[in-house]
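Novice: Generate coordinates for the sequence data below:
(chains A, B, C and D)
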Number of protein chains: 2
Amino acid sequence: MRETDAVKLQPVDISKTASVADIVFEALRKAIIEGDLKDGEPLRQDEIARLFNTSRIPVREAITMLEQQGLVTTQRYKGAVVASIAPDEVAEIFDFRALVEGTVIKAAVERMSDESRRMARQCHEAFSSSTDPMSWGDLNRQFHYTLYQDSGLPYHLGIVNNALDRIDRYLRAQLMLSNGRARAHDEHLGILEACEAGKADLAADLTRRHILGAKTSLLDHLKRK
Amino acid sequence: MRETDAVKLQPVDISKTASVADIVFEALRKAIIEGDLKDGEPLRQDEIARLFNTSRIPVREAITMLEQQGLVTTQRYKGAVVASIAPDEVAEIFDFRALVEGTVIKAAVERMSDESRRMARQCHEAFSSSTDPMSWGDLNRQFHYTLYQDSGLPYHLGIVNNALDRIDRYLRAQLMLSNGRARAHDEHLGILEACEAGKADLAADLTRRHILGAKTSLLDHLKRK
DNA sequence: TATGCAGATATTGGATCCAATTTACAATAT
DNA sequence: ATATTGTAAATTGGATCCAATATCTGCATA
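Specialist: Residues are numbered from 1 along each chain as shown, chains lettered A, B, ... in the order given. Model (predicted):
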């Protein structure tokens, strides 16, 4: 087949397809950050291998990936459990997010495309109108990610995503609190309008407040029970 | 043996000892960040397994850990190579470090013990008097780490360490530039004195400048060749 | 009843084996 | 000569097996 021939077949680069370990990793990651696997719950290699119709080898690989991400902790010969996270560390991660996400959104606003602005508003509206509490977490995250994506800071984004993974469970809980979602809605609107108006510093400031507000609200809640 | 008996044997908690995978990981990590394994160099599982007198299983685990850390990149059925890093990303990581390390040192100065201050000065002097270029990188990193350790921000510190791992090779190169080490020495002294005087904001500001200065000097160098 | 011990069972860590894929290279055709 | 094909070697991904450790259970004993 000459290079000038029409391409009749969708080429698929096999070297980029997901290995079994990747699939298991993604499934476990999702289950952990959504809270389906609770703090301290053990991950049995055999059991997971059976669930995925595979051997323990890819499962072990997936677990070491999760451990590097801080989503599970393992002890030699005892196995892996879903990582629990002390309130102190939750607080620290929120502070970290405020610092980094503030910087990221500032960079993003300064180079944000109209397309991204439109998408962000769509996300905002989807978040507002959704009645399924299970989806709030996803929509919330998607809204923020849309605002960040033009930042041109892929390294920062990777770090932020990992930080979000670590506390995703708690964020979801926070959204379900009495006025959690309503407040998120209002604050999102403020951030969105700042972005649409091209006010980068304002967007950064509102984002920081948004994150730190969620932090105190969540910590109050954690303390109370 | 009653509890009141003298302890004749140092107890060792086996569940905390390092697995073979951990050992291989540490060795490879060190080789990569010190530049002994160059950009793009392939990591052959068999070869590494032979070197450590083990099978490929722990080697594969080590490689997946390295991949999660961003130190190697792998392609299915093709294997792992030492991750190369584009100048853009080097620049971004320096910016990230300036942001986070500035915050960290501010928190650290506000709660820094006299002991840590003494250790920091010792590190500074060791860095100044060392004549072995190979050790400069270690001493430099040790100096900064000593200043950060009282921050009470373990999550931030983990992130900073990972960022440092990614660019350690380049930092070492930067120290070897014509006036790289002399300038580092002067800037370190300024930071150290700010810490000793308890001036947190000044220390943060100097740290940010120190990092951003290293960034421009390094990028100039990368561009020139 | 509570405690300690012994063996059985379960679970993880590592070694070896097989399958899937890539890479190197020689043979062949144009 | 260059490009193409076929084949063998090298390499990785995954399965299975064995060893090391932990956990559980029943039983004896104070």
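Novice: what pLDDT does whichever residue of chain A sits closest to chain B get?
Specialist: Scanning chain A for the residue nearest chain B gives residue A:68, at 3.6 Å (criterion: C-beta to the nearest C-beta). C-beta coordinates here come from the backbone N, C-alpha and C atoms, glycine included. The predicted local confidence for residue A:68 comes out at a pLDDT of 97.
Novice: Roughly how far does residue A:146 sit from residue A:113?
Specialist: Using C-beta to C-beta, to the nearest Å, residue A:146 is found at 11 Å from residue A:113.
Novice: which one of the two has more residues nearby?
Specialist: residue A:146 (22 against 10; other C-beta atoms under 10 Å in any protein chain shown).
Novice: Can you tell me what sits against the stretch of helix or strand the more buried one belongs to?
Specialist: With the criterion set as DSSP states H and E, the secondary-structure element containing residue A:146 is helix A:133-148. For helix A:133-148, the surrounding residues in contact (C-beta atoms under 8 Å, 6 or more residues apart in numbering or on different chains) are A:34, A:101, A:104-105, A:108, A:112, A:116, A:119-120, A:123-124, A:126-127, A:130, A:157, A:160, A:164, A:168, A:171-172, A:175-176, A:181, A:184, A:188, A:191-192, A:195, A:203.
Novice: mind listing which of the residues you listed are in helices?
Specialist: Helix and strand membership here follows DSSP state H; of the contacts of helix A:133-148, those in helices are A:101, A:104-105, A:108, A:116, A:119-120, A:123-124, A:126-127, A:157, A:160, A:164, A:168, A:171-172, A:175-176, A:181, A:184, A:188, A:191-192, A:195, A:203.
Novice: Are any of these buried, and if so which?
Specialist: Burial by neighbour count, 16 or more other C-beta atoms under 10 Å in any protein chain shown: within the ones in helices among the contacts of helix A:133-148 this picks out A:101, A:104-105, A:108, A:116, A:119-120, A:123-124, A:127, A:157, A:160, A:164, A:168, A:171-172, A:175, A:181, A:184, A:188, A:191-192, A:195, A:203.
Novice: Quick one: residues contacting the nearest residue to residue A:156 once chain neighbours are set aside.
Specialist: Among residues not flanking residue A:156 along the chain, residue A:104 sits closest, at 5.1 Å (C-beta to C-beta, 6 or more residues apart in numbering or on different chains). For residue A:104, the contacting residues are A:148, A:151, A:153, A:156-157, A:160, by C-beta under 8 Å, 6+ apart.
Novice: so residue A:163 touches residue A:93, yeah?
Specialist: Yes. Under the criterion of C-beta atoms under 8 Å, residue A:163 makes contact with residue A:93 at 5.5 Å.
Novice: okay, residue A:138: pLDDT?
Specialist: 91.
Novice: Could you give the number of residues near it?
Specialist: Here the count is done by other C-beta under 10 Å, and residue A:138 has 16 residues near it.
Novice: how close does it get to residue A:146?
Specialist: Counting by C-beta to C-beta, the gap from residue A:138 to residue A:146 is 12 Å.
Novice: With residue A:98 instead?
Specialist: In terms of C-beta to C-beta, residue A:98 sits 19 Å off from residue A:146.
Novice: Disregarding residues adjacent in the polypeptide, which is nearest to residue A:191?
Specialist: Counting by C-beta to C-beta, 6+ apart, residue A:191 lies nearest to residue A:206, which is 4.8 Å off, once chain neighbours are set aside.
Novice: Then residue A:85 would be within a helix, right?
Specialist: No. Counting by DSSP: H, G, I helix; E, B strand; the rest coil, one finds residue A:85 to be coil, located in no helix.
Novice: Now do it, the pLDDT please.
Specialist: With respect to pLDDT, residue A:85 scores 94.
Novice: Please apply the same query to residue A:98.
Specialist: Per-residue pLDDT puts residue A:98 at 98.
Novice: Then residue A:28?
Specialist: You'll see residue A:28 listed with a pLDDT of 98.
Novice: before we move on, what about the one 10 residues further on?
Specialist: Residue A:38 is assigned a pLDDT of 94 by the prediction.
Novice: swap in residue A:2?
Specialist: In this prediction residue A:2 is given a pLDDT of 38.
Novice: Give me the contacts around stretch A:21-40.
Specialist: Stretch A:21-40 is contacted by residues A:18, A:43, A:48, A:52, A:54, A:57-59, A:61-63, A:65-66, A:69, A:71-72, A:81-85, A:137, A:165, A:168-169, A:172-173, B:64 when judged by C-beta under 8 Å, 6+ apart.
Novice: Then stretch A:159-167?
Specialist: The list of residues contacting stretch A:159-167 from outside it, by C-beta under 8 Å, 6+ apart, reads A:29, A:33, A:69-71, A:85, A:90, A:93-94, A:96-97, A:100-101, A:104, A:141, A:148, A:171, B:96, B:159.
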